[in-house]
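In: Next come a sequence and a model predicted from it.
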Amino acid sequence: MPTITFSLKDLQRLVGKKLAIGEVSELAHYGKGDLENYDEEADEVKIDFGDTNLPYLWSAEGFARLIKGILGMQKGFPEIKLQKGDYQVIVDKSVAKIRPFIACFAAKGQKIDEYLLKQLVQLQEKFCETYGRRRQKVSIGLYSYKRLKFPVHYRAVEPLAVEFIPLEFKAKMNLREMLAEHPKGKEYAWILDGLEKYPVLIDDKNEVMSFIPIINSNFTGKLEVGDENLFFEATGTDEEAVNLAANIFAYALHDRNFDIYSAEMKYPDRKVVIPDTKKEAVQIKNEQINNLFGLELKESEVKHLLEKSRYNFRDYKVEVPAYRKDILHPYDIIEDIGIMYGFDKIKELPLTTFTIGSTLKINEFIDKVREIIAGLGYQEVMSPVLTNKEFLYKKMYMEDFGTIEIEDYMSETYSAVRSWVLPNMMEVFSKNKHVEFPQKIFEEGLVNIRKSDSIVECSRIAIAASHESANYTEIRQVLDYVMKCFGLKCDIEEAEHNSFIEGRCARAIVKGKKVAYLGEINPQVLENWNLEMPVAAMELNLTELFKMIKNK
Amino acid sequence: MDIKKLAESLNPVERKVVKVLDNFSSFHDIVKITGLKDVEVARALQWLQNKNVIKINEEQKELVFLDENGGKYLKYGLPEKKVLQSLEKPAGISELKEKAMLSDEEIAVSLGVLKSKAAIEIQKGKDIIVSMTDNGRHLLKKGFIEEQFLKENFPRDAASLNEEEKFVVDNLRKRKKIIKVELSKVVSAKLTETGKKLVKEKLDEELIEKATQSLIKTGSWKGKKFRRFDVKINVPQVFAGRKQHYRRFLDEVRLKFIALGFKEMAGPVVESDFWDMDALFMPQFHSARDIHQGYYIKEPKYAKDLPEDIVKNVKAAHENGFGTGSKGWRYGFDVKRTHRHILRTHDTSISARTLASKDLKIPGKYFQISRCFRYDVIDSTHLPDFNQVGGFVIEEGINFGHLKALLRLFAEEFAETDEIRIKPSYFPFTEPSAELQAKHPEMGWIELAGAGIFRPELVKPLVGKEVPVIAWGVGLDRLAMFKLGIKDIRLLFSHDLGFLRNVKVI
């Protein structure tokens, strides 16, 4: 969820117009963002751009570029005047199977001040964490190229083969040590899990610039306030995303009057010049606008709206700026026409087709059962479906009878899907020891049981009474009453179940199917839940019961 | 209330009490005269005061009470008297003890008392010999003033004692547990003006206390009056069995959707990556799909029941757009991974299942209310389990205008407002995407729904053709919390019976 922070004054400078914070808030909606906060004193605007696929907006420059389109100050998208640079990056074949792609360029001509440095780092972090999937897909490095000797080399090396001083450290370390000891190493080591060689960027003097995608060198890999010569590098597993990162940065720096110098990526089998600002063209049709928005627009209107949205338009051929890679389908462009037209101006059309509403038949049945049980004086409760094996079995004095367990849980309390509902009843009692008795409760809900390699999901209802004289008769009466209500004949047989007192536990059988356990709860279970009052309870399978009623 | 009605409202205990109030006022006296228990009198006095018949007066007074031994001596006589009675002839200590049946301590105290009254003489030789004096004989005849005092009506107000009584009290207090003097609450009752009128009323009329079966059967109630009840009185609280507050809210939401012509759908809690994400055209490399965003399950790892022909279509949509005019995501779709089991992260998975089902009706309106799971820290705004309400409308020719009208309908139905804002938003499976904000009359602007038109790359692989599908999800938890008057989202699943029994029904 990228929330970006920038100075309102800076945004106004970039746009070239005074903007009130209210206007900024409205303008953010065009970029699917929401103003989160404005601190006038600190001149700090925070905008949440949500879960969008438009990373170019995660910096003041990108947002300002969009605003200039919306306000009609510029039409279509701006071109970058690229200078041909003398920068070569030699990509070794050793990275091909590890992290094959790299995109670099250089920017110069402006001094980097503290604010700009912060902006660049912000864009870098938001891009890598979200779009770059926590650096796995794309990671970005920024350097001051004055310290570098070109060409630079992108290759994979043995973890112990090179040593350098990582950012903010004082001593040389090898790559393995960095993964174990450097905070960034610990954070991102998972990306390199199982690799024998690690990717590095090394300059022609054999000075390591960066251990990719972990940490830059404290010497060559540090961009500082006052620098005028910036070298950008993005690496990753997806060439389009890596190139997009370079384009977004190139545009942002270009908007700040840097001169952008291209660099050549020399792969073993091809050469790529970065930034690659080739325009993508998409053919759209006027009727698609009508299909999606019910709008009938003239070509000139379509052109006007698309140019506001910073596309180039000619004969329904739409050119997409190189800082956007979110266009998969013409509808992605049509949406922008709708946004620029204004969602609020689009006419509402009522749905007039007659359709019959209905609920699931099983839910109708479940509701009837709930109503009956509540009518017997039981209070309904609702619990999370997620629980843990201690609750499900250990405290219930039971063996695991098939559990869906979470592989990578956040908290052990919620590490399994419940396989029955009765433990929730005990949990409720255990939290209400000092509340007035009798306590009579029930809960209907889904349970999931693992049966070797398949999963059985069904609806169960647990009903439990706790008071001085809670007993088998009481809970059996509830069962009998439910069966009678639905005209079902129910056989009762003696059963053994560790959670219940031996000799006071029964199984209910309807049409040869086991549908319920009922009885008095084993004092051992009560003790496990730290309870002092007797409990009579049952758990009834409503999915099974529903089948029988349906097939009657 | 007029006096007659008042008289008819008195219960038998109140009547008994009120009748004696003309002559007696102290609590103690009332108990004694009426023969009622302390608690009965206390309750009756309270009721009478509530009816403005009496005024209860409470004050702190120093009272003289008869103590444990005092009661005993009152019944069996003072030990010093017993000693004197055993001294027909002079006797030794052990002989006295046996004759008077007293303990060592009582003998010692008695001798001290009798000595001070010059009622005995003690000769100390080899053995101690005690003999009665003339004074003693006189005393025995006349009786002890202490014993006389014990016969008084206790407790006695210390302030009302005369000089002689004070002297006795001072003496007895020095001895073990005969009397005690304590500062105590003294309750007395005085008739009010109403009360004075009341006691002149006929209070002996027989009133029926309880309507019983036999009373009605025999008709014996005829010609008699029922005692009047104080119908304004507070009665003890009762708790009914009832539906859980949040679930009741969701039940009503379900009814609303049925009323709006929506059909309910369902899907399993344990989903596959396929239905949860891939079928929704969310690329397998999407950031929302990191392991830390969803609960993948340990075993069984893979679903076995995916419709493989539709998996093939979805794979093509991801890889090349499946002939929809889309480029697709252009990567190698991992068929094994799509089978991976995960706890449903959102309810849209159920929409995907329905779209792919052979029972899908076009045109159709569908909804679901379902439990979903997202990897999150639990706090006052996040739960591991939450309920989502969502669905879709499928119909040839519908577009964003219909979506807007639908969202307005939701605002009217759920937030009781027609003041809405619809702004651009982003969801990976809809294009365009919009967010509905509604101005609730009391809560102000709230985010009520996310919506959009399902992407062609999603619809065509599942339905087999391109049809417009308006997809929507409404977020009703905040609304539920507002209606229920709760601030902490965890209370939606509260296990606190006190809360559950008392939370308001909405």
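Out: Cool, the structure landed.
In: CA atoms for contacts and neighbours, from now on please.
Out: OK.
In: all helices for the stretch 151-300 of chain A, in order.
Out: With DSSP state H, counting those that start in this stretch as the criterion, the stretch 151-300 of chain A has helices at A:175-181, A:183-188, A:239-255, A:286-293, A:299-308.
In: Give me whichever of those helices is most buried.
Out: Across the helices of the stretch 151-300 of chain A, averaging neighbours per residue (mean count of other C-alpha atoms under 10 Å in any protein chain shown) puts helix A:239-255 on top, at a mean of 23.
In: before we move on, the earlier item: next, format the helices of the stretch 151-300 of chain A as a markdown table and append distance to residue B:196 and mean pLDDT.
Out: Shown next, in a markdown table, are the helices of the stretch 151-300 of chain A (distance: least, C-alpha to C-alpha, whole Å; pLDDT from 0 to 100):
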| stretch | distance to residue B:196 | mean pLDDT |
| --- | --- | --- |
| helix A:175-181 | 94 | 93 |
| helix A:183-188 | 89 | 93 |
| helix A:239-255 | 97 | 95 |
| helix A:286-293 | 87 | 96 |
| helix A:299-308 | 93 | 96 |
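In: between these, which one is nearest to chain B?
Out: helix A:286-293 (4.8 Å; C-alpha to the nearest C-alpha).
In: hmm, that closest one touching chain B?
Out: Yes - judged by C-alpha under 8 Å from any C-alpha of the partner chain, helix A:286-293 comes into contact with chain B through A:291-293.
In: what does the host helix or strand of residue A:143 contact?
Out: Assigned by DSSP states H and E, residue A:143 belongs to strand A:138-144. The contact list for strand A:138-144 (C-alpha atoms under 8 Å, 6 or more residues apart in numbering or on different chains) reads A:124, A:128, A:131-132, A:210, A:212-213, A:216, A:220-224, A:227-238, A:241-242, A:245.
In: Spell out the secondary structure type for residue A:444.
Out: strand (DSSP: H, G, I helix; E, B strand; the rest coil).
In: Tell me how far it lies from residue B:454.
Out: Distance, residue A:444 to residue B:454, by C-alpha to C-alpha, to the nearest Å: 33 Å.
In: any idea how far residue A:214 is from residue A:206?
Out: 19 Å.
In: just residue A:101 next, same as before
Out: 21 Å.
In: more neighbours, these two?
Out: Between residue A:101 and residue A:206, counting by other C-alpha atoms under 10 Å in any protein chain shown, residue A:101 is the more crowded of the two (23 against 13).
In: That one contacts residue A:233, doesn't it?
Out: No - between residue A:101 and residue A:233 there is no contact, the gap being 10.5 Å when judged by C-alpha atoms under 8 Å.
In: need the contact list for residue 40.
Out: Just so you know, I chose chain A. Taking C-alpha under 8 Å, 6+ apart, one finds nothing in contact with residue A:40.
In: wrong one, I was asking about chain B
Out: Residue B:40 sits in contact with residue B:13, where contact means C-alpha under 8 Å, 6+ apart.
In: ok, residue B:170 - how many residues close by?
Out: 12.
In: helices or strands up against the helix or strand hosting it?
Out: Using DSSP H and E, residue B:170 sits within helix B:163-174. Helices and strands touching helix B:163-174, as assessed by 3 or more C-alpha pairs under 8 Å, 6 or more residues apart in numbering or on different chains; DSSP states H and E, comprise helix B:145-150, strand B:179-191.
In: Highest mean neighbour count out of these?
Out: It is strand B:179-191: most buried of the helices and strands packed on helix B:163-174 by mean count of other C-alpha under 10 Å, with a mean of 17.
In: Go ahead and name everything in contact with it.
Out: Outside strand B:179-191, the residues touching it (C-alpha under 8 Å, 6+ apart) are B:21-22, B:25-27, B:45, B:53-70, B:158, B:169, B:172-173.
In: ditto for stretch A:224-240
Out: Contacts of stretch A:224-240 (C-alpha under 8 Å, 6+ apart): A:98-114, A:117, A:135-146, A:212-213, A:223, A:242-243, A:245-246, A:325.
In: Could you tell me which of those count as buried?
Out: When those are checked for burial by 16 or more other C-alpha atoms under 10 Å in any protein chain shown, the buried set is A:98-108, A:110, A:112, A:135-145, A:212-213, A:223, A:242-243, A:245-246, A:325.
In: returning to what we had before: partners of the strand holding residue A:143, with directions?
Out: Sheet pairing for strand A:138-144, assigned by DSSP bridges, gives strand A:229-236 (antiparallel).
In: For the stretch 201-350 of chain B, what lies in contact range of chain A?
Out: Selection of the stretch 201-350 of chain B residues close to chain A by C-alpha under 8 Å from any C-alpha yields B:240-244, B:247, B:254, B:257-266, B:268-269, B:286-287, B:290-292, B:295-300, B:324-329.
In: For those residues, which ChimeraX command selects only the ones that are buried?
Out: Listed next is the ChimeraX selection for buried residues among these, using 16+ other C-alpha under 10 Å:
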select /B:241,242,243,244,254,257,258,260,261,262,263,264,265,266,268,269,287,295,296,297,298,299,300,324,325,326,327,328,329
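In: Restricted to strands, list the residues of the stretch 201-350 of chain B next to chain A.
Out: Among these, the ones falling in strands (DSSP state E) are B:263-264.
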